[in-house]
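K.L.:
Here is a sequence together with a model predicted from it:
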Amino acid sequence: MAILLCTPIPFLSLKTTVHSSKSTLTLILTSSTTRLRLPAMNLRAKSEAVSASASSSTSQVPEQDASEMERVADHTFRRYTSKTKRSGKGTAIVWFRNDLRVLDNEALYKAWLSSETVLPVYCVDPRLFATTYHFGFPKTGALRAQFLLECLADLRKNLMNKGLNLLIQHGKPEDILPSLAKSFGAHTVYAQKETCSEELNVERLVNKGLQQVVTVSNYTPKLQLIWGTTMYHFDDLPFDATCLPDVYTQFRKIVEARCTVRACIKLPASLGPPPLIEDWGCLPSLEQLGLCSQNVSKGMKFVGGETAALSRVYEYFWKKDLLKVYKETRNGMLGPDYSTKFSPWLASGSLSPRFIHEEVKRYENEREANSSTYWVLFELIWRDYFRFLSVKYGNSLFHLGGPRKVQQNWSQDKNLFESWSDGCTGYPLIDANMKELSTTGFMSNRGRQIVCSFLVRDMGIDWRMGAEWFETCLLDYDPCSNYGNWTYGSGVGNDPREDRYFSIPKQAQTYDPEGEYVAYWLPQLGKIPKDKRNFPGSLYIRQVVPLKFGNASRHNTEDKSFGARRANDRGSERRWNRR
Ligand SMILES: Cc1cc2nc3c(=O)[nH]c(=O)nc-3n(C[C@H](O)[C@H](O)[C@H](O)COP(=O)(O)OP(=O)(O)OC[C@H]3O[C@@H](n4cnc5c(N)ncnc54)[C@H](O)[C@@H]3O)c2cc1C
Ligand SMILES: Nc1ncnc2c1ncn2[C@@H]1O[C@H](COP(=O)(O)OP(=O)(O)OP(=O)(O)O)[C@@H](O)[C@H]1O
């Protein structure tokens, strides 16, 4: 038996301080759903419908209270329970990384199957709380750290419900796992495979550490890495990663035609017995991670953990019946319901993309199938694509010139950058989005594309500064999706046809015609006429740079391709913007 030491750190209280008015939300939701059924609804009505669900107070995502969430999760876990028998021997370790879930967790399943006892471990790695690579921002901001702690507390609870527990250890996995493997005589450490160099490096070090271990039964434990982040399994791709198509549509068409999404893995009701451990360790507080706690004062407050993730799927698909209108609403910016909001749970692995796939199929069978139900899968294929691209392009995804090694002069002007990151550029649409990001850890896909274009095209700032700022702030930060989208947005991505300038006047007119979004985040604009909110002139702060193509008075400016076109740049393909 190993006695594990732990600094006496209290568990974080997960009681949320968020107050959302349920009756208001339900009422609004009913009216929005009614509106959204109208087939020829114009964009303004759509944006009103979805933005109506955002009140000026904070909205918890998902909206359900804790007991409702528990009920949804229990019910879901029951549907995914199997009667499989295990036949393994000894102890196996599950090293949890970005797969903080029980449902459809293949590493956990394999560890259980191959052993008599499973030891689930999470290492609170200090490197995750250091700084970003080039510009020294916090590697994990307070909001994501809080979300992570909630995920871990919930994972522990769900493992305990299955007869196990979660050992929380503070330190580097390469120091902790070999020592645990030795103490427990584990034959294998199972973990989810990662693809970016920081994580690959840790995998290498863990592997090296394990190779130096000899257990009492004269056995050297192995590291078994299991693919688990994507909807389509890496091994099912009909091409080698090095031959991955450079154009998303080509990739999507091939996988849709030639691959099937694997079924979710089912686990037995009990995964016990757990190993004998006296102290399973405590979660750190934010202060112990070197961070100050940050309350979400406005906008969306996401609840971390698999229980909340399963509840959000239930809420968005089944309770609110929003899946069938997703494609019409997905370009919104205000409130929880214009899009799924699955990304924070997907990034932490509290939610399996294969589970979402199965729920979409179930919805299509039981309710209806239309372009909206398909479109959620279409977007998840983008997520897969960026993950697979990271295998193909390695570190070039993080380099200034990107996968195509584009040579371009970039500025690193600190003042300009800070006006962007603080939301003080003088452009309400930029400032509102940046304030939402720093207040909540979330920004819509529409907003992300606009602020990215503004930073790199209008300000000419090194795109990596923007990407690293997103790395700090986003609850859903994922290296592949983040750096993948930033390289696309800044024109250094692998697909040259995706180069696009986002005109702020045009975006504002299309996606925030009444200035509701900007007035929500910049309340001083609420006092001025709706049609002026995005173009307030002297009623708002000074613009720090002019727009590259057109200024605020040109409301109808068409989006322009950025800069001089390259010879191989086929400008008619404009998918990145459309999505
Ligand atoms: C500059 C920039 C940076 C981004 N950084 C991240 C990031 O770090 N992590 C992240 O998960 N997403 C990132 N995205 C993609 C996208 O903005 C978010 O996934 C989306 O806004 C999350 O909201 P949602 O879950 O409601 O999405 P929905 O519209 O409901 O889409 C469903 C799911 O599809 C996936 N998805 C949708 N769009 C994309 C996309 N463009 N790329 C990859 N996956 C997508 C997400 O997993 C999302 O949860 C970034 C986009 C841009 C333009
Ligand atoms: N998970 C991750 N999150 C953020 N950045 C990452 C992640 N994994 C890798 N990186 C980035 O990858 C880059 C690796 O840089 P490094 O200097 O180690 O190698 P390199 O010079 O790119 O190596 P090479 O030239 O051999 O590819 C860094 O910018 C690092 O931040």
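P.N.:
Yep, it's here. Numbers count the residues shown, from 1 in each chain. Ligands and ions are numbered 1, 2, ... in the order given.

K.L.:
Which parts of this structure are strands?
P.N.:
Listed from the start of the chain, the chain has strands (DSSP state E) covering 58-61, 81-82, 91-96, 117-124, 167-170, 186-192, 222-226, 267-268, 299-302.

K.L.:
I'd say residue 269 and residue 84 touch.
P.N.:
No: with contact taken as C-beta atoms under 8 Å, residue 269 and residue 84 are classed as non-touching, separated by 10.5 Å. In short, each C-beta sits where N, CA and C put it, glycine included.

K.L.:
about what we covered before: need the strands of the chain in a markdown table with mean neighbour count, distance to ligand 1 and mean pLDDT, can you?
P.N.:
Output for the strands of the chain, formatted as a markdown table (neighbours: other C-beta atoms under 10 Å; distance: least, C-beta to the nearest ligand atom, whole Å; pLDDT from 0 to 100):
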| stretch | mean neighbour count | distance to ligand 1 | mean pLDDT |
| --- | --- | --- | --- |
| strand 58-61 | 23 | 10 | 97 |
| strand 81-82 | 12 | 26 | 96 |
| strand 91-96 | 27 | 19 | 98 |
| strand 117-124 | 24 | 21 | 98 |
| strand 167-170 | 22 | 25 | 98 |
| strand 186-192 | 25 | 16 | 98 |
| strand 222-226 | 17 | 20 | 98 |
| strand 267-268 | 19 | 24 | 96 |
| strand 299-302 | 25 | 10 | 98 |
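
K.L.:
Which among those strands is found nearest to residue 434?
P.N.:
Taking C-beta to C-beta as the criterion, strand 299-302 is the member of the strands of the chain that comes nearest to residue 434, at 12.5 Å.

K.L.:
what packs against the closest one?
P.N.:
The helices and strands touching strand 299-302, judged by 3 or more C-beta pairs under 8 Å, 6 or more residues apart in numbering; DSSP states H and E, are strand 58-61, helix 428-440.

K.L.:
ok so, going back, which one, of the strands of the chain, ends up nearest to ligand 2?
P.N.:
For the strands of the chain, the distance to ligand 2 is smallest for strand 186-192, at 13.6 Å, taking C-beta to the nearest ligand atom.

K.L.:
what separates that closest one from the chain centre, distance-wise?
P.N.:
The chain centroid and the centroid of strand 186-192 are separated by 26 Å, computed with C-alpha atoms, centre = their mean, to the nearest Å.

K.L.:
Next, the angle strand 117-124 makes with it.
P.N.:
50 degrees (axes from the mean of the first three to the mean of the last three C-alpha atoms, to 10 degrees).

K.L.:
Direction included, what does strand 186-192 pair against?
P.N.:
Each strand pairing with strand 186-192, determined using DSSP bridges, is listed with its direction: strand 91-96 (parallel), strand 222-226 (parallel).

K.L.:
any chance of the ones you listed in a markdown table, plus distance to residue 452?
P.N.:
A markdown table is the format used below for those (distance: least, C-beta to C-beta, whole Å):
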| stretch | distance to residue 452 |
| --- | --- |
| strand 91-96 | 31 |
| strand 222-226 | 32 |
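
K.L.:
related to what we said a few turns ago, the helices and strands packed on strand 299-302: which one's closest to ligand 2?
P.N.:
The closest approach between ligand 2 and any of the helices and strands packed on strand 299-302, judged by C-beta to the nearest ligand atom, belongs to helix 428-440 at 17.5 Å.

K.L.:
Show me what from the chain comes close to ligand 1.
P.N.:
Applying C-beta under 6 Å from any ligand atom, we find that the chain lies next to ligand 1 at 330, 339-343, 346-347, 376, 379-380, 382-383, 386, 444-445, 448-449, 452, 470, 474, 476-478, 481-482, 485-486, 489.

K.L.:
please redo it, this time with the cut-off set to 5 Å
P.N.:
By C-beta under 5 Å from any ligand atom, the part of the chain that sits against ligand 1 consists of 330, 339-343, 346, 379-380, 382-383, 445, 448-449, 452, 476-478, 481-482, 485-486.

K.L.:
Among these, name the ones in helices.
P.N.:
Assigned to helices by DSSP state H, the following of these qualify: 343, 346, 379-380, 382-383, 445, 448-449, 452, 481-482, 485-486.

K.L.:
contacts with ligand 2 among the residues you listed, please.
P.N.:
Restricting these to those adjacent to ligand 2 (criterion: C-beta under 5 Å from any ligand atom) removes every one of them.

K.L.:
Among those, which one lies nearest to ligand 2?
P.N.:
Of all those, ligand 2 sits closest to residue 482, with 7.9 Å by C-beta to the nearest ligand atom.

K.L.:
how close does the nearest residue to the closest one once chain neighbours are set aside get to residue 135?
P.N.:
With C-beta to C-beta, 6 or more residues apart in numbering as the criterion, residue 482 has its nearest non-adjacent residue at 5.5 Å, and that residue is residue 470. Between residue 470 and residue 135 the computed distance is 12 Å (C-beta to C-beta, to the nearest Å).

K.L.:
again with residue 433
P.N.:
For residue 433, the distance to residue 135 (C-beta to C-beta) stands at 20 Å.

K.L.:
and if you look at residue 98?
P.N.:
Taking C-beta to C-beta as the criterion, residue 98 is separated from residue 135 by 23 Å.

K.L.:
Check residue 18 and give its pLDDT.
P.N.:
In this prediction, residue 18 carries a pLDDT score of 29.

K.L.:
Could you list the low-pLDDT ranges of the protein?
P.N.:
Of all residues in the chain, those with pLDDT under 70 make up the ranges 1-56, 496-499, 551-579.

K.L.:
need the residues of it near ligand 2, please.
P.N.:
Near ligand 2, the residues belonging to the chain are 133, 196-198, 395, 398, 479 when assessed by C-beta under 5 Å from any ligand atom.

K.L.:
Reformat these as CSV; add neighbour count.
P.N.:
Formatted as CSV, the residues of the chain next to ligand 2 follow (neighbours: other C-beta atoms under 10 Å):
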residue, neighbour count
133, 14
196, 18
197, 15
198, 14
395, 13
398, 22
479, 22
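
K.L.:
now, which of the residues you listed lie within helices?
P.N.:
When helices are assigned by DSSP H, the members of these inside them are 197-198, 479.

K.L.:
Tell me the one among the residues you listed nearest to residue 190.
P.N.:
Sorting those by how near they are to residue 190, with C-beta to C-beta, puts residue 198 at the top with 20.4 Å.

K.L.:
For the closest one, give its distance to residue 388.
P.N.:
18 Å.

K.L.:
do the same with residue 246
P.N.:
For residue 246, the distance to residue 388 (C-beta to C-beta) stands at 11 Å.

K.L.:
just residue 205 next, same as before
P.N.:
In this structure, residue 205 lies at 25 Å from residue 388, with C-beta to C-beta as the measure.

K.L.:
same question, residue 208
P.N.:
Between residue 208 and residue 388 the distance is 27 Å, computed by C-beta to C-beta.

K.L.:
The two: which is more packed in?
P.N.:
Between residue 208 and residue 388, counted using other C-beta atoms under 10 Å, residue 388 has the larger neighbour count: 23 against 12.

K.L.:
Identify the residues contacting that one.
P.N.:
Residues counted as contacts of residue 388 (C-beta atoms under 8 Å, 6 or more residues apart in numbering) are 230, 234, 237, 241, 244, 251.

K.L.:
There's contact between the residue nearest to residue 482 and residue 476 in this structure, I believe.
P.N.:
No: applying C-beta under 8 Å as the test, residue 470 and residue 476 come out as separate, 9.6 Å apart.

K.L.:
Show me which of the two is the more surrounded one.
P.N.:
Comparing residue 470 with residue 476 by other C-beta under 10 Å, the one with more neighbours is residue 470, at 24 against 21.

K.L.:
ok, the more buried one - contacts?
P.N.:
Applying C-beta under 8 Å, 6+ apart, one finds that residue 470 lies in contact with 437, 448, 477, 482, 486.

K.L.:
the helices in the stretch 201-350 of the chain, which residues?
P.N.:
With DSSP state H, counting those that start in this stretch, the ranges of helices along the stretch 201-350 of the chain come out as 248-258, 306-313, 326-329, 343-348.
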